[in-house]
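**Q** What shape does this take:
(one chain, ligands or ions: 1)
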Amino acid sequence: MNPLSLDQPWGRGFQAVHRHAFADDHTLPDGLWLPRGLGRSYGDVCVNDGGLLLHTFRRDRLIAFDATSGVIECEAGASLADIAEVALRQGWFLPVTPGTRFVTLGGAIANDVHGKNHLSAGTFGRFVLSMTLRRGDGALQLKPGDTLFAATIGGLGLTGLIERARIQLLRVAGNGITQQTRLFGRGDPSASVDEFIALESASNDWPYTVGWIDTMHHRLRGVFFRGKHTVGEAPWSQPVAAKVSLPVDMPSSLLRPWSARAFNGAYYRSQSMKTASETTLPLWQFFYPLDAVGAWNRGYGKRGFVQYQFVVPRVDAADTVAQILTHLRTSNVASYLAVIKTFGERRSPGLLSFPMPGVTVALDIPAPGERELRALDRADAMVADAGGRVYPAKDSRMSNAMFKRFFPQWQSLEALRDPNVSSSFWRRVAKGNDE
Ligand SMILES: Cc1cc2nc3c(=O)[nH]c(=O)nc-3n(C[C@H](O)[C@H](O)[C@H](O)COP(=O)(O)OP(=O)(O)OC[C@H]3O[C@@H](n4cnc5c(N)ncnc54)[C@H](O)[C@@H]3O)c2cc1C
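**A** Now for the predicted structure:
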């Protein structure tokens with residue numbers, strides 16, 4: 001099975017049946033369709049089982065770039081990789097970037113993605129100056145303040161096809177990143193999360209912060225990373241392609257809690273042995289370490305994986321996060337990779353944007369079975385009780401009842417949805433009967 005199958009999301013795990021078309025001209029397809037970028041969403045927001053996927057990646061032209069103001073206009077199928085490469089030559093970079101550069105401009109807007117700089121920058125949607133949206137009733141020019149603008153940012157593709165957008169880039173010193181690392185945790189889980197929050201709070205001069213955490217260890221230990229732009233010594237251009245690619249699917253028999261514990265322990269030990277706590281890296285390496293391995297999603301085997309990302313409000317965040325992670329660990333839910341971040345106060349412009357002020361954790365979990373799914377359902381309830389939410393871009397399993405608790409404003413998006421656009425995700429979570 002192709003790891004980048006057009007009929008699967010990035011987390012694989014299930015196979016949909018689609019008709020496919022390219023968004024090449026100014027007509028929209030008949031029947032139920034869904035815009036699709038590069039399919040880097042882990043779950044079914046980029047899947048439209050039984051319907052049509054309208055692929056945008058051929059519409060990737062750069063339309064205008066003002067190197068004085070840093071305003072760039074592109075077709076929505078342009079990738080963040082291409083935009084960054086053009087921008088960096090002139091001393092500009094993406095204002096916000098997710099952990100892979102292989103996402104489209106349209107996909108970044110439709111999920112209102114966040115990066116390691118949420119504390120100082122907020123979400124990607126804050127930097128969208130205008131966009132053109134095509135829907136059944138024609139092409140519309142949208143700007144901040146318009147109702148459909150807010151519905152389209154983080155609108156999961158449901159309001160129509162974003163054809164092009166203008167965004168404000170960020171002026172940077174060069175193509176390098178100064179990175180500092182520090183070990184944290186090893187206390188009780190709540191104290192470890194508190195320690196992470198304190199490290200972030202003491203990083204005002206460092207726009208980028210993130211923590212890797214070993215959720216399989218009873219003492220929740222981690223590595224804190226912070227970075228800032230600097231003049232780099234490496235060539236400015238990005239690596240041409242992944243240095244290595246996973247040629248086969250990992251056998252599922254190896255993806256067990258014991259191997260997750262071994263993997264996390266080995267990573268923690270490798271970090272604790274590094275003597276240099278400050279280093280300068282090429283920017284690509286800092287932001288996109290996973291892009292160095294092509295098709296790394298095959299590492300989770302044919303049955304795929306889910307990424308479970310939640311955010312809980314700042315008040316009592318350390319206790320709540322610790323309780324959820326302890327619940328997952330004691331339920332024997334294996335997680336190979338987990339990261340922790342704080343979301344700041346900058347308001348997301350999207351109607352259904354995921355980020356809110358608080359602490360967010362993302363865990364990669366190989367092909368959950370019944371037991372793991374039950375444990376995740378319980379975690380959903382803990383997140384909801386705390387006033388938090390789960391990230392739709394990563395989801396393929398939350399119940400419609402939970403979705404409506406996480407996003408009570410969902411009906412406003414439903415009212416603005418183009419009636420011809422739908423996704424497997426939306427049919428799953430917005431349906432009438434709560435279950
Ligand atoms: C390794 C990795 C790291 C990641 N790190 C982060 C992270 O740090 N932060 C974060 O927020 N996310 C992260 N993500 C998730 C990813 O950034 C988002 O899922 C992103 O939206 C994917 O963009 P895409 O172009 O692949 O869109 P797709 O996954 O194909 O589609 C995503 C959504 O956008 C809609 N869409 C796409 N194009 C258009 C368009 N032109 N018009 C209207 N709607 C459109 C689709 O309908 C769908 O609902 C990560 C993903 C990976 C694989």
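
**Q** which bits of the stretch 1-150 of the chain sit near the ligand?
**A** The stretch 1-150 of the chain comes close to the ligand at residues 10, 34-41, 45-46, 56, 76, 98-100, 103-104, 106-108, 110-111, 113-115, as judged by C-beta under 6 Å from any ligand atom. C-beta here means a position set from N, CA and C on the backbone, and glycine is covered the same way.

**Q** Looking at those residues, which are in helices?
**A** When these are checked against helices (DSSP state H), the matches are 106-108, 110.

**Q** Show the contacting residues for the closest residue to the ligand within the stretch 151-300 of the chain.
**A** Residue nearest to the ligand within the stretch 151-300 of the chain: residue 157 (2.3 Å; C-beta to the nearest ligand atom). Going by C-beta atoms under 8 Å, 6 or more residues apart in numbering, residue 157 touches 34-36, 45-46, 106, 110, 421, 423.

**Q** Could you list which of those residues belong to strands?
**A** Among the contacts of residue 157, the ones falling in strands (DSSP state E) are 34-36.

**Q** Quick check on residue 101: phi, psi?
**A** Phi and psi for residue 101, reported as degrees, to the nearest 10, are phi -90, psi 0.

**Q** show me the contacts for it.
**A** The neighbours of residue 101, taking C-beta under 8 Å, 6+ apart as the test, are 79-81, 84, 238, 284, 287-288, 291.

**Q** If you rank these by neighbours, which is first?
**A** Most neighbours among the contacts of residue 101, by other C-beta atoms under 10 Å: residue 80, with 26 neighbours.

**Q** Which residue comes closest to it once chain neighbours are left out?
**A** In this structure, residue 80 finds its nearest non-sequential neighbour in residue 101, 4.8 Å apart by C-beta to C-beta, 6 or more residues apart in numbering.

**Q** how much space between the one you found and residue 290?
**A** Distance of residue 101 to residue 290, computed by C-beta to C-beta, to the nearest Å: 10 Å.

**Q** Repeat that for residue 164.
**A** Taken as C-beta to C-beta, the span from residue 164 to residue 290 is 28 Å.

**Q** now do residue 14
**A** 22 Å.

**Q** Of those two, give the one with the bigger neighbour count.
**A** residue 14 (16 against 13).

**Q** tell me the pLDDT at that one?
**A** For residue 14, the pLDDT comes out at 85.

**Q** ok, it - contacts?
**A** Applying C-beta under 8 Å, 6+ apart to residue 14 gives the contacts 8, 44, 304, 396.

**Q** now do 7 Å
**A** residue 8 (C-beta atoms under 7 Å, 6 or more residues apart in numbering).

**Q** now swap in residue 357 and tell me
**A** 313-314, 343-345.

**Q** can you redo the ones in helices among the residues of the stretch 1-150 of the chain next to the ligand as TSV with neighbour count and distance to residue 124?
**A** Formatted as TSV, those follow (neighbours: other C-beta atoms under 10 Å; distance: C-beta to C-beta, whole Å):
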residue	neighbour count	distance to residue 124
106	29	11
107	30	10
108	30	5
110	29	10
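
**Q** how about those residues in CSV, adding pLDDT?
**A** Formatted as CSV, these follow (pLDDT from 0 to 100):
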residue, pLDDT
106, 98
107, 98
108, 98
110, 98
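
**Q** and of the residues you listed, the nearest to residue 351?
**A** residue 110 (11.9 Å; C-beta to C-beta).

**Q** Just give me the least confident of the contacts of residue 101.
**A** The minimum pLDDT among these falls on residue 238, with 78.

**Q** Could I get the contacting residues of it?
**A** By C-beta under 7 Å, 6+ apart, the contact list for residue 238 reads 81, 85, 284.

**Q** Helix, strand or coil: sort out it for me.
**A** Secondary structure for residue 238, judged by DSSP: H, G, I helix; E, B strand; the rest coil, is coil.

**Q** quick revisit: nearest to residue 144, of the ones in strands among the contacts of residue 157?
**A** Nearest member of the ones in strands among the contacts of residue 157 to residue 144, counting by C-beta to C-beta, is residue 35, at 20.9 Å.

**Q** who does that closest one bridge with?
**A** residue 54 (DSSP bridges).

**Q** So it sits against residue 163, correct?
**A** No - if you go by C-beta atoms under 7 Å, residue 35 and residue 163 don't touch, sitting 9.8 Å apart.

**Q** count of residues packed around residue 32?
**A** As a burial measure, residue 32 scores 15 neighbours (other C-beta under 10 Å).

**Q** Name the nearest residue to it, ignoring sequence neighbours.
**A** Closest residue to residue 32 apart from its sequence neighbours, by C-beta to C-beta, 6+ apart: residue 51 at 4.0 Å.

**Q** cool, residue 341 as well?
**A** residue 360 (5.1 Å).

**Q** where's the one you found, which helix or strand?
**A** Using DSSP states H and E, residue 360 sits within strand 358-366.

**Q** Could you pull out the buried residues of that strand?
**A** By neighbour count on 16 or more other C-beta atoms under 10 Å, the buried set for strand 358-366 is 358-366.

**Q** Also within reach of the ligand: list those from the residues you listed.
**A** Taking C-beta under 6 Å from any ligand atom as the test, the ligand is in contact with none of the buried residues of strand 358-366.

**Q** mind putting these in CSV, distance to residue 427 included?
**A** As requested, the buried residues of strand 358-366 are exported to CSV (distance: C-beta to C-beta, whole Å):
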residue, distance to residue 427
358, 29
359, 31
360, 26
361, 28
362, 25
363, 26
364, 25
365, 24
366, 26
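
**Q** May I ask which two of the residues you listed are separated the most?
**A** Applying C-beta to C-beta across these, the maximum distance is between 358 and 366, 26.8 Å.
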